[in-house]
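Engineer: Everything below, folded, please.
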Amino acid sequence: MHITMRNFLLSTFLLFIVAISCTKQNYLKNNTNSTLELKANVKNDVVTKGIIKSSTLPLASEIGVQVIKSTEDAAYFPSGFTNIKFTADLAGVLSTLENCYLSSDKGRLYAYYPYITIGDNMQQFNDVPISIPQVALVNTDTDYMFSSPLDQEMTMVNNLNNSINLVMNHATTQISLLVYKESYSGTGELTQFTIVDADASNHIITDKSSENDLMMNIVNGIISGGQKGIITRTIIEPTVLQPSSSDPQYPSSNLNVLKNQVDNFGVSTLIVPTDNILPGEIKFGLKIDGIQYYVTNTSAISWERGKQYIYKIKLSGSALTMSSVTITDWQPVLGDDMNIQ
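Structural biologist: Residues are numbered from 1 along each chain as shown. Have a look, this model is predicted:
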């Protein structure tokens, strides 16, 4: 009986030691700081040189990261920094020179691209300055992006949720023009294009000519500020218009093939998103062989952020005609087909 009681007491003691050990391990795990580890993935592929092309950020790309306490609008890290620069490697893994240690306290995380210094980087902010110039060279656009926010109870960061895969979303709209020729005897060198409101509408927004106030919200990607303007893009190496053909089809009705055609023979630019565009409200200008041509949109449409709109424009004789527009999530989507006759 004494042996049985002794065995019982020994078993109870061992179970108590195990319970204490597990509790201690959990306590240590919950109260040990962890380094914030980030990786960024771009939501959709894009097509122009000035725009991110792959699903990861290019080497040495810099993004800004803001971590705010979950319970108050204050910097999460003891350093007080609210705008921390992270740099991407080839795999899209992000690193920083700052000490970003997460405790058991939760924090809201927001990120944007590309990184920019904001004051002393120690003030909470919701918007970052951006630029959509009226006049620029083709392929010099900046692909402004914001991350899907991690500010809900199940997504906020702390020492138990420190390895984060950021999803970067495009804040602008991509407009692509695939101009081709049919019954046209000239060389067909496209050297410049413009996009402008054809009437009193205010769809084309650019930098202010005086003090630019275009801003991107890092939480939802909404762009504010700016003024009505004219988008003018000059092509340093002129694009030579290709003739239409049926076999192989050019322009193609297959979206993947069309995307390649736009890559090789089209032009693109990024603009501020806009909605409720009515037929005839947008005018596209194209300078071909030194002659200026114009064509307007033929259907109602909204230019949404993160989408690419491919306009097929035919030069026939001496006039332009828009035949269709393709819309896609940063993949080819057809819009109006336009003709120049």
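
Engineer: wait, isn't Q192 in contact with P238?
Structural biologist: No - Q192 sits out of contact with P238 when judged by CB atoms under 8 Å, with a separation of 9.1 Å. C-betas here are computed from N, CA, C, even on glycine.

Engineer: Next, the closest residue to I282 other than its chain neighbours: phi, psi?
Structural biologist: Of all residues not flanking I282 in the chain, N297 sits nearest, at 4.5 Å (CB to CB, 6 or more residues apart in numbering). Backbone geometry at N297, expressed as degrees, to the nearest 10, gives phi -70, psi 150.

Engineer: and the next element down the chain from the helix or strand bottoming out on mean pLDDT in the chain?
Structural biologist: Least confident helix or strand of the chain, by mean pLDDT, DSSP states H and E, is helix 2-30 with a mean of 46. Using DSSP states H and E, the helix or strand that follows helix 2-30 in sequence is strand 34-35.

Engineer: roughly how far out does that next one sit from the chain middle?
Structural biologist: Put simply, strand 34-35 sits 28 Å off its chain's centre (CA atoms, centre = their mean, to the nearest Å).

Engineer: G188 is in contact with K287, correct?
Structural biologist: No - between K287 and G188 there is no contact under CB under 8 Å: 11.5 Å.

Engineer: Check the spacing between I218 and E37 real quick.
Structural biologist: 20 Å (CB to CB, to the nearest Å).

Engineer: higher neighbour count, the two?
Structural biologist: Shown here are I218 and E37; by other CB atoms under 10 Å, I218 has more neighbours (23 against 15).

Engineer: So, low pLDDT: which residues of this protein?
Structural biologist: Within the chain, the stretches with pLDDT under 70 are 1-31, 44-55, 318-324, 326-336, 338, 340-341.

Engineer: what about the nearest residue to W303 once chain neighbours are set aside, how many neighbours?
Structural biologist: Ranked by CB to CB, 6+ apart and with sequence neighbours excluded, the top spatial neighbour of W303 is T173, at 4.3 Å. Here the count is done by other CB under 10 Å, and T173 has 21 residues near it.

Engineer: Likewise for S252?
Structural biologist: Neighbour count for S252, taken as other CB under 10 Å: 18.

Engineer: so who does it touch?
Structural biologist: Neighbouring residues of S252 by CB atoms under 8 Å, 6 or more residues apart in numbering: L258, Q261.

Engineer: what about V257, which SS state?
Structural biologist: Per DSSP: H, G, I helix; E, B strand; the rest coil, the secondary structure class of V257 is helix.

Engineer: For Q66, see how far away it is.
Structural biologist: 41 Å.

Engineer: Can you give me the domain boundaries for this structure?
Structural biologist: The chain breaks down into these domains under automatic domain parsing: 34-126+140-170, 173-340.

Engineer: From A111, how far off is the residue nearest to S163 when sequence neighbours are not counted?
Structural biologist: For S163, ignoring the flanking residues on the chain, the nearest one in space by CB to CB, 6+ apart is E37 at 4.5 Å. Counting by CB to CB, the separation of E37 from A111 is 13 Å.

Engineer: same question, Q192
Structural biologist: Applying CB to CB, the value for Q192 to A111 is 36 Å.

Engineer: who has more neighbours, these two?
Structural biologist: Applying other CB under 10 Å to Q192 and A111 shows that A111 carries more neighbours, namely 26 against 16.
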